[in-house]
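Asker: Just the structure for this:
(4 chains)
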4 protein chains.
Amino acid sequence: MISKVRLEAFSDGVIAIAITLLVLNIDVPPHAGGQLAHRLGEQWPSYAAYAVSFITIGIIWINHHGMVSRLAAVDHSILMLNLLLLLSIGLLPWTTALIAEYLREGSGQHLAAAIYAGSFLTMASAFYAMQRHILQNRRHLLTEAFDEERLRAIDRRNRFGLIPYAVAAALAPLSAYVTLAICAVIAAFYALPPRPQQDPAGHAAP
Amino acid sequence: MISKVRLEAFSDGVIAIAITLLVLNIDVPPHAGGQLAHRLGEQWPSYAAYAVSFITIGIIWINHHGMVSRLAAVDHSILMLNLLLLLSIGLLPWTTALIAEYLREGSGQHLAAAIYAGSFLTMASAFYAMQRHILQNRRHLLTEAFDEERLRAIDRRNRFGLIPYAVAAALAPLSAYVTLAICAVIAAFYALPPRPQQDPAGHAAP
Amino acid sequence: MISKVRLEAFSDGVIAIAITLLVLNIDVPPHAGGQLAHRLGEQWPSYAAYAVSFITIGIIWINHHGMVSRLAAVDHSILMLNLLLLLSIGLLPWTTALIAEYLREGSGQHLAAAIYAGSFLTMASAFYAMQRHILQNRRHLLTEAFDEERLRAIDRRNRFGLIPYAVAAALAPLSAYVTLAICAVIAAFYALPPRPQQDPAGHAAP
Amino acid sequence: MISKVRLEAFSDGVIAIAITLLVLNIDVPPHAGGQLAHRLGEQWPSYAAYAVSFITIGIIWINHHGMVSRLAAVDHSILMLNLLLLLSIGLLPWTTALIAEYLREGSGQHLAAAIYAGSFLTMASAFYAMQRHILQNRRHLLTEAFDEERLRAIDRRNRFGLIPYAVAAALAPLSAYVTLAICAVIAAFYALPPRPQQDPAGHAAP
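Answerer: Prediction:
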């Protein structure tokens, strides 16, 4: 079976590439068509989407490491759930490009925003499914024992972590800007220092 | 000579990049030309091809690790067969983009599908050639002894693993959709949990 | 928490990808439109920007390693400051493409150059913030003790390292060529062998 | 200073990305414009250039590992020579796209071929410069002692390794096809199993 080390290395690779491909969604404006300053300014959704996606993927990387570092073994289900998680992360450069392109368009902006928040929700759900599988098979899969109380707390926190993205996606028909803002707030929330009492093992999925 | 560790690291890198470049085959529709929802829907071959190729490359990565982890040494032939395998994996973003672009075209769809399944067949053949070389030189190259019975079983299973892709390619002149569906079924088959009696060392090439 | 090893591996990945994506800013001229030699010659800003950015990112990679290798522990702030540093490095393929595209344009060249030097200044500032945090929390974070004298010297040198990029950005309204030339000189300065008395721990940020 | 391990990891990353980006030079033909089979056939220079560049970069990766694995220490010059080597490897996706695009054009094909072979010559020269520096400072830099005879043999072989690329570039004004063919033959030569008497430490630069 795949060793934990190589699972980490491959996942690190995919996540590092997805995060770096984000820059390809920022265009260099063609020469014709007016002042460069004006046209770079018009591209602000690209910069905002780049920053939000970059921080979000960075945080999922941190959480992914936390989850994998506690593993004592790797089974077939972990490999496949991890592959699904990477598949959802691999889509983010596209959904980021989509919202950057359509945020300021009258038509299409709502759908693009829903897909953007939806792609984060998918990623967080895949993360949740993987963590749930690990916790349910903790006797074979985890290096340390967790008491029931703590397990329930971790599970609860991860489930709650899905809600903000669901809200962001649900509000997309109302305003694409609100959706992007919520995703930005979620990223900022996880980027801020954890409160002292927080259990590092229970880092919720972004 | 190259150590096993660095062979794995380099292969992981190439496979991780190829799998992540797949997303570049999914377009952001240009603004002009109708409803975004409609045009995203028309792109469904891109999503399907992304998913099938992503899972397939993920599985070849798992199998590649299984093969390399049993190596006791790395010789020149392994380096070159591995390079050929990586060359065939590196082509997949292109063949994936090709089938995504042509699946719904009257003309060209059959050829694009044949090339798509053919690129998987090439990859599986390169994998088979590498594994065959290892098994034939097992005294120098493998860490553990395999009895003849088990070796024949591994070899047979890997040879059988080529057949579905050959069938998928052969059916392309009939229907490009059938070809893509077969590739999807193969990916799903390998993604499902292995039957208990399966020998992990004999993971067939996808 | 994230181990130092995995922080390095992920950072190495992002930096290696950003440095390699730089090549995408060099165009293959389309067939129509005159002599290939002439048109490749016209692209010289692309080659110059490629070389300057490649060397600069290579040097920040060297300095990043120096900084991380002295860490005894990784805290949440380091993770986030490192993510900001990677975010700024991830933008460089875009700012490099921007100056390459606009350097020879009458309009836009000054802004493009200011953004180019500004992106290096941002990167160096993120590096400085990360190093400052480490030095300020040196009791928990560093493997070895530094005497006050040496710490002040490192801090001073890093702060001075920001000045050349600020100057390069400030001179952009005057001449985009001067800005690019200053960035090239900075890269060459760091690429030259260090003077013997230089403290390797105090490698200034480029 | 940078450890050997991290120098390898970063170099592996850049080389793995450059080799995988090669696929982006193979186009998916647009729908309009005739039979897909015909137009894919017309793209044969892309496939040939992909294969030649992929094998060549793969071999330089093998040789790079051989060179670095014998290092006992890493100095500033090695870091910078390695960065120049990576810079030259990073350019190969562009020179590969250039020859693929221009090989069949009456005008431009000679220049494109000269640049293609020239980029391999540059890479091999950077490799040679790095190996020369290591051999000249072998007392500090190498793990094992080499007798004078063997050192001269390695140096000679590496210098001779430059000649075929120089010939390939020099023949470009005559025929771009001959240039590409020579590069293919060089790649095949290094890909073939080494003769038994060959010294693995003296693997010549491709």
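
Asker: and A:E144, which of the three is it?
Answerer: coil (DSSP: H, G, I helix; E, B strand; the rest coil).

Asker: who touches the closest residue to it other than its chain neighbours in this structure?
Answerer: Leaving aside its sequence neighbours, A:E144 sits nearest to A:R70 (Cβ to Cβ, 6 or more residues apart in numbering or on different chains; 6.9 Å). Backbone N, C-alpha and C define where each C-beta goes, glycine included. The contact partners of A:R70, by Cβ atoms under 8 Å, 6 or more residues apart in numbering or on different chains, come to A:I134, A:L142, A:T143, A:E144, A:A201.

Asker: Farthest-apart pair in the residues you listed, please.
Answerer: Spanning the widest gap among the contacts of A:R70 are A:I134 and A:E144, at 12.2 Å by Cβ to Cβ.

Asker: neighbour-wise, which of those two wins?
Answerer: Neighbour count, other Cβ atoms under 10 Å in any protein chain shown: between A:I134 and A:E144, A:I134 has more, with 20 against 8.

Asker: Tell me if I'm right that that one and A:L141 touch.
Answerer: Yes - look at A:I134 against A:L141 with Cβ atoms under 8 Å: they come within range, at 5.2 Å.

Asker: so what sits against both of these two?
Answerer: A:L71, A:I78.

Asker: ok, and the helix or strand in chain A with the lowest average confidence?
Answerer: The weakest-scoring helix or strand in chain A, judged by mean pLDDT, DSSP states H and E, is helix A:138-141 (a mean of 83).

Asker: isn't A:L7 right up against A:S69?
Answerer: No - counting by Cβ under 8 Å, A:L7 stays clear of A:S69, with 11.0 Å between them.

Asker: The two: which is more packed in?
Answerer: Per other Cβ under 10 Å, whichever of A:L7 and A:S69 has more neighbours is A:L7, with 19 against 15.

Asker: Quickly find the element holding the more buried one.
Answerer: A:L7 belongs to helix A:4-21 when assigned by DSSP states H and E.

Asker: tell me the average confidence for the following helix or strand past that helix?
Answerer: Per DSSP H and E, the first helix or strand lying C-terminal to helix A:4-21 is helix A:36-42. Mean per-residue pLDDT for helix A:36-42: 93.

Asker: Would helix A:36-42 count as contacting chain B?
Answerer: No - on the criterion Cβ under 8 Å from any Cβ of the partner chain, helix A:36-42 is out of touch with chain B, staying 13.2 Å away.

Asker: packing partners for the helix ranked longest in chain A?
Answerer: As assigned by DSSP state H, the longest helix anywhere in chain A is helix A:109-136. Applying 3 or more Cβ pairs under 8 Å, 6 or more residues apart in numbering or on different chains; DSSP states H and E, we find helix A:109-136 packed against helix A:44-69, helix A:76-90, helix A:92-102, helix A:148-170, helix A:176-191, helix B:36-42.

Asker: looking at those, which is closest to chain D?
Answerer: helix B:36-42 (13.2 Å; Cβ to the nearest Cβ).

Asker: Mind giving me the packing neighbours of the closest one?
Answerer: helix A:109-136.

Asker: on that earlier part again, can I get the helix holding A:L7 as CSV, trimmed to CA atoms?
Answerer: Listed next in CSV are the C-alpha coordinates belonging to helix A:4-21 (Å, rounded to 0.1, in the frame of the first residue of the first chain):
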residue,chain,number,x,y,z
LYS,A,4,1.8,8.1,4.3
VAL,A,5,4.9,9.9,3.2
ARG,A,6,4.2,9.4,-0.4
LEU,A,7,0.5,10.2,0.0
GLU,A,8,1.6,13.5,1.5
ALA,A,9,4.2,14.2,-1.2
PHE,A,10,1.7,13.6,-4.0
SER,A,11,-1.0,15.6,-2.3
ASP,A,12,1.5,18.5,-1.6
GLY,A,13,2.4,18.4,-5.3
VAL,A,14,-1.1,18.6,-6.6
ILE,A,15,-2.1,21.3,-4.1
ALA,A,16,1.1,23.4,-4.8
ILE,A,17,0.4,23.2,-8.5
ALA,A,18,-3.3,24.1,-8.3
ILE,A,19,-2.4,27.1,-6.0
THR,A,20,0.2,28.3,-8.5
LEU,A,21,-1.9,27.8,-11.6
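
Asker: got the buried residues for it?
Answerer: A:4, A:6-21 (16 or more other Cβ atoms under 10 Å in any protein chain shown).

Asker: How far away from the center of its chain is that helix?
Answerer: 14 Å (Cα atoms, centre = their mean, to the nearest Å).
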